[in-house]
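S.K.: Sequence and predicted structure, then a few things I'm wondering about:
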Amino acid sequence: MTLAPETTLDRLDRTAPAAAGTAAATAARVELLVGNRWHAVCDTTGLTPGRGVAVLLPDGRQAAVFLDRAGAVYAIGNQDPFTGAYVLSRGLIGRTGRDGRPFVASPLLKQRFDLATGRCLDDASVAVPAYTARRG
């Protein structure tokens, strides 16, 4: 799933109040720190544990946002540096056996990227941007 800028929470029409108890009224949102400003990028209801979604950032870049099975939110750049394809949000997430670090495996060539730092676990010379993520 890709969320375009016009669907991000910064641009949603907030004039109509949500009915009490509805998903819109109770959903937490995911915010990413881009530059020195927090940007709402999606609702947690749009995330499935163990999977990712692609979001469009205000500057036009794409980020891959993940919710792990423990409920932690992570975000890295969505572009696979080995192929140039914007596919990391479609990768499978897991944890390293050695130290339990969360990673996503690219769906194309299977390189693993640390979700906290963006570093490639299979080639130390490669990394993708990593974003600080929080539930807002």
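M.R.: That came in fine, so what should we check first?

S.K.: show me the contacts for the residue nearest to Leu121 when sequence neighbours are not counted.
M.R.: Using C-beta to C-beta, 6 or more residues apart in numbering and skipping the chain neighbours, the partner closest in space to Leu121 is Arg112 (4.2 Å). The way it works is simple: take the backbone N, C-alpha and C, and place the C-beta from them, glycine included. Contact analysis of Arg112 by C-beta atoms under 8 Å, 6 or more residues apart in numbering lists 94, 103-106, 120-122.

S.K.: how much space between Arg112 and Leu33?
M.R.: 24 Å (C-beta to C-beta, to the nearest Å).

S.K.: host element of the residue positioned nearest the centre of the chain?
M.R.: Geometric centre of the chain, nearest residue: Val65, 0.9 Å, by C-alpha atoms, centre = their mean. Secondary-structure assignment from DSSP states H and E places Val65 in strand 62-67.

S.K.: And the strands in this protein, which stretches?
M.R.: 2-3, 29-34, 37-43, 51-56, 62-67, 73-77, 92-95, 102-105, 112-114, 130-135 (DSSP state E).
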